[in-house]
Each structure stands twice: as structure tokens, then as C-alpha cells.
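1. This is a predicted model, with the sequence first.
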Amino acid sequence: MSRWEGFEELVEVVNSGSFSAAARVLGVSKSHVSQQVSRLEDRLNTRLLHRTTRKLSLTETGALYYEQARQVVEDLESAEQAVSYFQQEIKGELRIAAPHLIGEALMVPALAQFLEQHPGLDIELLLSGQRVDLVDERFDLAIQVGARKDINVVNKLLAPTSFHVVGSPAYLLRHAPPQTPEDLKQHQCLLFMDTGSTRPWRFQGDKGSVSMSIKSHWRSNSGHALRSAAEQGLGLAYLPDYYLQHSLVDESLVTLLNDWQSPDREIVAIYQHKRHLSTKIRVFTEFLKEFFTRELQLLRHV
């Protein structure tokens, strides 16, 4: 028998005044309550209650045990209320991993808004192109493009995204705009580089998909740096839509190869598959979905 088994039943019997009333409060049968109290007395090798057909009363030993058990029950209830309050208040630490591009352009402004609503949170944001282990590295969630296939994680779709080739009007005055992805070989291109490697530029056109490995004399792991370099006329950049809204509005950049758009991709939030998902993760991912969708829809109307 567990050391804790029976003590809650005893406390409720005393508080309610009878086994029947205690059973109703606990949502169990009267016989179950009676059995648990009897087993507790057997384990302690002492009688805790005087039982008669008309009245229940504590023995001297029972009164001593009841006071201690009652305090334990009250402490447990306080602990559960504290957990519930903590969950509802959405506070504590929130550790997030995200790629550089998404982190710089979307996560920072999203977190700024979320913290205004929930100032009790402590945020830790890691920007990296490397895949993180949610458990070993203690991340609450990771943001990435494309779902994971791990069986123990949840992939929550936040928003679709696509990449665009962009250049400044000044650059295009000096260089003829590319008409096909193959023409990019004749241009100075600005590449995103992370962990020492670059990725090909991918396009989808009427004749199928094309993947271009671009050579470049200008590389950076910052999307802001690439956009700024493109605006300064240093070359053509291949950037996601969430970086381009303001640059397209003020015409400091224009999109190119519009008949060769990159395939749409999905930005997803990834978190551990848990039976009881913490409120802070649930609320934050719902907020991100609304924020990302709103921001990317604005670009589609530019």
C-alpha cells in the first residue's frame, strides 16, 4: 500500500462528516472510501476513527494524524492551483530556435508584440541554420521551413512562403534583367550562407523545376545584410517574401524572373508531442500563426 493511499479519504470523511458524503465529494463509492480508511488504519496499526451507526469521531491518534494529513491535502491543492495559475498567466521561460531569415524578419517583431501581451515571459531566441534537438537542448519549440518527420513531434503550419529574385533599379540600369534562371550566371549574385555552406536557388516554371548553383563574391548569413546589399546595387538577391514588403513598396527593389517563381514552402512550428501541452506553447503558436499569416498576406497585396 502506498504511504499516501487513504489519507485523502480520511480527511474528506472528517470534513464531510460521513463516509457517504465523502464518497460524493471524491466521486467514488462509499465502500471504496471505507476500504481505503480501513487499509490506512491497518498500515498504521492504529484506529483513527470511532464508528457508530449514528456518529463518527476521531480517536486521539486520529486527531493528530488528521491535522497532518489535512495540511498535506491543502498543500497539494495549493500546488495544483499554482500550476493552473502559472499556465493561465503564460509566464516563465520560452526557448525558441529559428533560422536566421525567419528569426530576423518575423520572430523578432512577433515576439515584441507577444511580450506586450504577456510581460511575465522570459524569451531566449537562438538563430541557427542547424537542426536542434528539442529534448536535449531544452527548446520549447523550433520554427523552420518544411515539416519534420520525427514521430515524437508536432508540426503546426504557420504560413506558406516563397522566395523571389530581386534587384535594385540602379543595378538593373547597368545590367540587363535576367529572363531565365540560366541568365543568373551572367550576374553578380548575393548569397545566403550558413554554417559555411550556401544553397541553390530553386525555381518552378512552365517547363518544370530548375535548381541553380550560384557562384558569388558576396555572401552573408544575414537576410537584412543581403537585402541592404541588393538595395545598394551590389547584385541580385534571392530572398523570402517576408523580407521584401517594404523594399517593394518603396521600389528600392523590384522582383525579377516573375515567370519562374520558387515553389511555395511551409513555415512550421515544431514542438514535442505531449498529452498536456503547456498553455504558453499553445497560445504562442496560435499567435504566431495569426501574425505570420497577416504579415505574408500584406506582401501579396504589394
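-> Nice, thanks for sending it over.
2. Could you use CA atoms for every contact and neighbour count after this?
-> Will do.
3. check which helix or strand covers Glu80.
-> In this assignment (DSSP states H and E), Glu80 forms part of helix 60-89.
4. where are the low-confidence patches of the chain?
-> When residues are selected by pLDDT under 70, those of the chain lie in 1-4, 78, 81-89, 151, 274-276, 298-302.
5. Toward the C-terminus, what is the element adjacent to the helix holding Glu80?
-> Following helix 60-89 toward the C-terminus (DSSP H and E): strand 92-98.
6. Show me which positions of that next one end up buried.
-> By neighbour count on 16 or more other C-alpha atoms under 10 Å, the buried set for strand 92-98 is 94-98.
7. again with stretch 145-160
-> Buried, per 16+ other C-alpha under 10 Å, within stretch 145-160: 145, 147, 153-160.
8. The stretch 201-302 of the chain: helices as residue ranges?
-> 223-231, 245-249, 279-300 (DSSP state H, counting those that start in this stretch).
9. and of those helices, who's closest to Thr180?
-> Comparing the helices of the stretch 201-302 of the chain by their distance to Thr180 (C-alpha to C-alpha), the top pick is helix 223-231, with 19.1 Å.
10. Which secondary structure elements does the closest one sit against?
-> Applying 3 or more C-alpha pairs under 8 Å, 6 or more residues apart in numbering; DSSP states H and E, one finds that helix 223-231 contacts strand 163-167, strand 189-194, strand 236-240.
11. which one of these lies closest to Leu141?
-> That would be, of these and by C-alpha to C-alpha, strand 189-194, which comes in at 20.7 Å.
12. Distance from that closest one to the middle of the chain?
-> 28 Å (C-alpha atoms, centre = their mean, to the nearest Å).
13. what's downstream of that strand, the next helix or strand?
-> Per DSSP H and E, the first helix or strand lying C-terminal to strand 189-194 is strand 197-198.
14. will you turn the helices and strands packed on helix 223-231 into JSON lines that also has distance to Arg131?
-> Formatted as JSON lines, these follow (distance: least, C-alpha to C-alpha, whole Å):
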{"stretch": "strand 163-167", "distance to Arg131": "21"}
{"stretch": "strand 189-194", "distance to Arg131": "12"}
{"stretch": "strand 236-240", "distance to Arg131": "20"}
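15. Let's have those in JSON lines, adding mean neighbour count and distance to Phe292.
-> What follows is the helices and strands packed on helix 223-231, written out as JSON lines (neighbours: other C-alpha atoms under 10 Å; distance: least, C-alpha to C-alpha, whole Å):
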{"stretch": "strand 163-167", "mean neighbour count": "24", "distance to Phe292": "15"}
{"stretch": "strand 189-194", "mean neighbour count": "22", "distance to Phe292": "22"}
{"stretch": "strand 236-240", "mean neighbour count": "24", "distance to Phe292": "13"}
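16. Could you point out which of those sits nearest Glu295?
-> strand 236-240 (12.4 Å).
17. How is this structure divided into domains?
-> As assigned by automatic domain parsing, the chain contains the domains 7-88, 94-152+269-300, 163-256.
18. So for Pro263, which of those sits nearest?
-> domain 163-256 (5.8 Å).
19. I'd guessed Glu104 sits against Gly223; true?
-> Yes. If you go by C-alpha atoms under 8 Å, Glu104 and Gly223 touch, sitting 7.4 Å apart.
20. More neighbours: those two, which one.
-> Taking neighbours as other C-alpha atoms under 10 Å, Glu104 and Gly223 compare with Gly223 leading, 23 against 16.
21. dump the residue contacts of the more buried one.
-> 100-101, 104-105, 192, 239, 243 (C-alpha atoms under 8 Å, 6 or more residues apart in numbering).
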